[in-house]
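Trainee: Sequence first, predicted model second:
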Amino acid sequence: MTVRRSAAALATTAVLLGVAAPMAVAAPSPSPSADLPAGLYGTTDPTYDGVWRQSLAFLAQKIEYVTPSTQAVDWLVGQQCDSGAFTSYRDASKPCDASTVMDTNATAIAVQALVEINQRREDANNGADWLKSVQNEDGGWGYNPGSPSDANSTSIVIGALARTGVPVNELTTKNGSTPYTALQSLAIACGKKDGGAFAYQPGKKGELTANTDATAASVLGLMGKGIASGTSNAVKDPSCTKGDDLSPEQSAQNGASFLADTLKKQPYLEQAPMPGAEDSAPQPDYGNTADAVVALAASGHTDKTEASVAWLEKNATGWAKQGGPAATGQLILAAHATGADARSFGGVDLVKQLNSMGPAPAATALPSPTPTGPQPSSGTDSDDSGLSLGWLIGIGLLAGTGIGFLLSMRRKKQQP
C-alpha cells in the first residue's frame, strides 16, 4: 500500500481476510490514551490516521452539505503545531518540539478540509506556508520533510496549495523544478509497458514501476485539484500522448488513459496479499478503486467509471462501514464525483453512516447535491463564520442535525 493507506486500513483488511494485522512501523506520534479524544471521528486508535480520517470526513460531509460540529473542527485545529504543520496524531496537551515528526500528508489534507468547510482559514494558510517551506529541490514532497519526493505526497500537497490560492506552477526551486516537474518525472512514457501510468517513487536503479494508487493521485495533482473533486466537463476518450515536453494536463490525461484501460479489464483494482494471508491471490482494493473513480471523473471521463461505481455499490459498503470514517468518506467522494446518490449507495446511506461516526453535525441538508448542480464554495475567502453561501442555501433545506488516495502506514505497493 502507498502513502494513502493507514494502519487502521491494514487492520480492517486483516479482519476481512482473517489474518493478523502487521505491526505498524516508524510510529511518528505517541499512542493515545484508552479514551478517545472528544471531537474525533472513528473508534479505532488514531495514532496513525487521526488527522487524515477527520479531514476526509469533513471533505465528504461538505460536498453533501453537512456542517461538522465546532467540537470536531476544534479537535482538528488542535492537532496543528505552531509552525503550521500537522502530525498524523499527537497529544495536543503537549507542545510540538524537535522530536515531533511532521507529516506532509496530514498537513495537506487538513488544509484542504479547513478550506472546504470555510472555517479557520488562517490556520489553513499557516499549514500551506509550512508546506511551501519544506518543498524538495526536485519540486516535490516526501511523506516527511526532507524525505524523497513521492507521487502521492506531492499530489496531495499540490491540491492543498491550489485550494489556498497558491499558484502551484510558480513554486520553482533553485534548479527550476516545479511540483509538476516532480510528478512528470514519475510518469512512464507512452509506448512503453504500462505507458501513461505513474510510479510511486523511482526504484533503486531509477526504474519506474506502474502504481495505480500513485497514478490516481497524480491525475488529480497534475490537474491542480484536491481530493474532493467533482466531475469535469466531458472530454474525448483518454489517450496516451507521446513526447518529452508534455503539459501537466497532457500527463494527467495519460494517467487517466492508463486507469481507464486498467478498469476496462475488470471494474476494480487489486492490492497485493498481506503478509501471512492464507490466500496468496491479489485482493480487491476498494479504496484505490474509489480513488481511481474520482480521478477519472475529475479528468472528464465519468463514462469510464460506470462499471466500477456499480461494483463499489455492490461490494464496498461493508468495507466502508468496517473501515470507519475515512473509508466511508472515500465512497462518498466517489459517489459524488460520478453523480451516484451517496444517501442510497448500494442500499446504504453513506452520509448518515459517516455522520454517526463522530460528533453530531451542526447541520445537515437534503436533497443530496449532484456534481452538475450547485457546488460548495471553494472557501478561498477568509471567513470564520463557517458557512459559505452554498451552505446557507443548503441549510435553507434543513432536514435535521446529525459522516493510495487512508494513511500513515508507509508500505509502498508496486503493482500494475
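Mentor: Structure received. Here the structure is a predicted model, which is why all the values come from computation and not from measurement. Residues are numbered from 1 along each chain as shown.
Trainee: Could you use CA atoms for every contact and neighbour count after this?
Mentor: OK.
Trainee: Poorly predicted segments of this structure, please.
Mentor: Across the chain, the ranges flagged by pLDDT under 70 are 1-34, 272-280, 366-416.
Trainee: would you list every one of the strands in it?
Mentor: Applying DSSP state E to the chain gives strands spanning 66-67, 270-271, 283-284, 363-365, 398-400.
Trainee: Buried deepest among those, which one?
Mentor: strand 66-67 (a mean of 27; mean count of other CA atoms under 10 Å).
Trainee: That strand - contacts with which helices or strands?
Mentor: Secondary-structure packing of strand 66-67 (3 or more CA pairs under 8 Å, 6 or more residues apart in numbering; DSSP states H and E): strand 363-365.
Trainee: since we're on Ala197, how many residues are nearby?
Mentor: Ala197: 33 surrounding residues under other CA atoms under 10 Å.
Trainee: Same check on Leu312?
Mentor: By the measure other CA under 10 Å, the count of residues near Leu312 is 24.
Trainee: residues contacting it?
Mentor: Tyr286, Ala290, Gly346 (CA atoms under 8 Å, 6 or more residues apart in numbering).
Trainee: ok, the residues you listed vs Val235, which is closest?
Mentor: Ala290 (20.6 Å; CA to CA).
Trainee: Return the distance of that closest one relative to Ala106.
Mentor: 20 Å (CA to CA, to the nearest Å).
Trainee: Which of those two has more residues huddled nearby?
Mentor: Higher neighbour count among Ala290 and Ala106: Ala106, with 33 against 27, using other CA under 10 Å.
Trainee: Return the residues in contact with the more buried one.
Mentor: Neighbouring residues of Ala106 by CA under 8 Å, 6+ apart: Val51, Trp52, Phe86, Thr87, Ser88.
Trainee: go on, Val111?
Mentor: Asp123, Ala124, Asn125, Gly127, Ala128, Ala160.
Trainee: what would those residues look like in a markdown table with distance to Tyr268 and neighbour count?
Mentor: What follows is the contacts of Val111, written out as a markdown table (distance: CA to CA, whole Å; neighbours: other CA atoms under 10 Å):
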| residue | distance to Tyr268 | neighbour count |
| --- | --- | --- |
| Asp123 | 37 | 20 |
| Ala124 | 34 | 29 |
| Asn125 | 37 | 21 |
| Gly127 | 34 | 29 |
| Ala128 | 34 | 27 |
| Ala160 | 27 | 32 |
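Trainee: Identify the farthest-apart pair in these.
Mentor: Largest separation among the contacts of Val111 by CA to CA: Asp123 and Ala160, giving 12.6 Å.
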